[in-house]
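> Mind folding the following:
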Amino acid sequence: MTYRHLFSRIRYASLRSLPGGLSLVLMLLVFHPVISLAEQTEVVDRIVAVVNDDIVVLQDIDKLLGPMKSEILKAGYSPEQMNNMLSKMRQQAIDQLINEKLIKQAAIEYELTVEHAEIDESIERIKEGNNFTDEQLEAALKEQNMTIETFRSQLLDQILTSKLENIEVGSRIVITKEDVTEYYNQHADEYLGEKTYHLKNILIKTPQTGSDAEKEAVDNKIQLIQSKFNAGKSFGSLAKQYSESPFAGEGGELGKFRLNDLSPNLKAAVEPLSPGEVTPPLATSEGYQILYVDEIIQKPDTPLESVYDEIENKLYEEQYNAKKKAWTEKLRKDAHIRIIE
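Predicted coordinates:
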C-alpha cells in the first residue's frame, strides 16, 4: 500500500467520526501537513537516472550537495549566479553518482568483498590522523548528520572502489627509471640551483619638465658618483650621500632578487655583472638608477637521487588519473544510462 492510499483511508475514517460542520475545517488543519509530507516523500525519492539495473534518486543528490548548497546560499550570490552554480553542481553530482554506481556494479562482477576488519582499520587510521577518540569521531559525524553506521557504509564503498581501481587502473601502471630520468632532464630548469642577486641602488630623480641647466646638473651628479666609485669610494657611502631613494639611509640596500623578479631592462643590465660591479645609469620611471651587485648567491643543483621518489609519484599520479578517466569513460560507454529530467 502506498503512502497516498494509506493517508486517504485515514482521512476517510476520521471524517466519519467528526461532528457535522467541523469535519472540513479539522480535516484541513490536521491532515494538510500529512498530505504535504506524502507529496514531499514522493519528490525526494524521484528517480533522476537509471544506470543499468540500478537507479540514482534525488535524495542521493541532495545528500551529496547539501553542505555545498548551504555555503552557496550564505555567499550572497545573485539569484541568477546561484541558479547557474547549482545547476552545474547538480550535473556534476549526477555524473559522480553514475560513476559510483558503475564502479559498484563492476566490483560485484569481480566478486570483491570487504571484511569488517578492513573498515575497522580505516576508522583507526582516520582517528589517528585527526587525533580523535571514539567519542570525538562520533561527535564529528553527528555535526555532518551522519551516524557511525552510515560512515562505515561509506568506508565500505570507498574500500571496494579502491580495490577495483587497483585492479583496473593501478596494476596497469609501470613507472621505469628511464621515465623518471627523462622527466628530470625535460624539466631541468625546475631542478637547477637558483641564483639570487643581492642588490643596492642609487636613485637620482629627474624633473618631469626641466631646463637644460637642471638636466646638466643631473648628468654632472651621476658622473661625480661614478668617478668617486671608480676611485674606491664604497657604494653604500655614496648611496647615503647622494641617493634620493627611500633606502638611501640604509646604504641603498634593496635585498635579494632572482633575475626573473627584475624588469627586462634591469635584468639585462644586472645579469652580466660580478659582485662589486655596477650598472651604467638606467633610465626608469622614477629617475636614473645605478645598481650595485653586492653578492651573488648560487644554490646547488638538485640531484636526481633526491627527487627521484617525488618525480616517480608525480608520474604515477598523472598516469593513474588518465587511465582512471579512460576506464570510467569505457564503463559509461558500455552501460545503459538514462537521465530523467
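
> Apart from its chain neighbours, what residue comes closest to Arg338?
Val50 (4.5 Å; CB to CB, 6 or more residues apart in numbering). In this view, the C-beta of every residue, glycine as well, is placed from N, C-alpha and C.

> what residues are up against the one you found?
For Val50, the contacting residues are 56, 336-338, 340, by CB atoms under 8 Å, 6 or more residues apart in numbering.

> A strand includes it, no?
Yes: under DSSP: H, G, I helix; E, B strand; the rest coil, Val50 sits within a strand.

> How confident was the prediction at it?
Note for Val50: predicted pLDDT of 95.

> who does it bridge with?
Note on Val50: beta-bridge partners by DSSP bridges are Ile55, Arg338.

> which residues touch the residue most central in space within the chain?
In the chain, the centroid-proximal residue (CA atoms, centre = their mean) is Met68; its distance is 15.2 Å. With contacts defined as CB under 8 Å, 6+ apart, Met68 is in contact with Met89.

> Equivalent analysis for Lys215, please.
Lys215 makes contacts with 206-207, as judged by CB under 8 Å, 6+ apart.

> Show the model's pLDDT score for it.
pLDDT, Lys215: 82.

> check which helix or strand covers it.
Element membership of Lys215 [criterion: DSSP states H and E] is helix 212-230.

> From the chain's centroid, how far away is that helix?
Centroid separation for helix 212-230 versus its chain: 53 Å, with CA atoms, centre = their mean, to the nearest Å.

> follow-up on the earlier one: where's the residue nearest to Arg338 relative to His336, distance?
Separation of Val50 from His336 (CB to CB, to the nearest Å): 7 Å.

> list the buried ones in the helix holding Lys215?
For helix 212-230, a neighbour-count test (16 or more other CB atoms under 10 Å) marks 218, 222, 225-226, 228-229 as buried.

> possible to save these as JSON lines with pLDDT and distance to Asn260?
Formatted as JSON lines, these follow (pLDDT from 0 to 100; distance: CB to CB, whole Å):
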{"residue": "Val218", "pLDDT": "89", "distance to Asn260": "31"}
{"residue": "Ile222", "pLDDT": "93", "distance to Asn260": "28"}
{"residue": "Ile225", "pLDDT": "95", "distance to Asn260": "28"}
{"residue": "Gln226", "pLDDT": "94", "distance to Asn260": "28"}
{"residue": "Lys228", "pLDDT": "95", "distance to Asn260": "32"}
{"residue": "Phe229", "pLDDT": "95", "distance to Asn260": "27"}
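
> want to try a markdown table for those, with distance to Gln158 as columns?
What follows is those, written out as a markdown table (distance: CB to CB, whole Å):
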| residue | distance to Gln158 |
| --- | --- |
| Val218 | 71 |
| Ile222 | 70 |
| Ile225 | 69 |
| Gln226 | 70 |
| Lys228 | 72 |
| Phe229 | 68 |
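
> Please report which of the contacts of Val50 has the highest neighbour count.
In terms of neighbours by other CB atoms under 10 Å, the contacts of Val50 top out with Val56 at 22 neighbours.

> Shouldn't the residue nearest to the centre of the chain be within a strand?
No: counting by three-state DSSP, one finds Met68 to be helix, located in no strand.

> Looking at the contacts of Val50, which is nearest His198?
Checking the contacts of Val50 against His198 with CB to CB, the nearest one is Val56 at 61.4 Å.

> Can you name the residues that contact that closest one?
By CB under 8 Å, 6+ apart, Val56 lies in contact with 47-50, 94, 97-98, 101.

> Distance of the residue nearest to the centre of the chain relative to Val169?
Distance from Met68 to Val169, by CB to CB: 27 Å.

> And for Gln289, the neighbour number?
21.

> what helix or strand is it on?
Using DSSP H and E, Gln289 falls in strand 288-298.

> Quick check: next helix or strand after that strand?
Counting by DSSP H and E, what follows strand 288-298 is helix 304-334.

> Which strands and helices lie in contact with that next one?
Judged by 3 or more CB pairs under 8 Å, 6 or more residues apart in numbering; DSSP states H and E, helix 304-334 is in contact with helix 79-109, helix 177-186.

> Just the buried positions in the very next helix or strand once past the longest one, please.
The C-terminal neighbour of helix 79-109 among helices and strands, as given by DSSP H and E, is helix 116-130. Of the residues in helix 116-130, 119, 122-123 count as buried by neighbour count, 16+ other CB under 10 Å.

> what residues does helix 116-130 touch?
The contact list for helix 116-130, computed with CB under 8 Å, 6+ apart, reads 132-134, 136-137, 140, 151-152, 155-156, 158-159.

> Would you tell me which one of these comes nearest to Arg90?
So of these, ranked by how close each gets to Arg90 (CB to CB), first place is Gln158, at 22.8 Å.

> Low-confidence regions, this protein specifically.
Low-confidence segments of the chain (pLDDT under 70): 1-44, 208-210.
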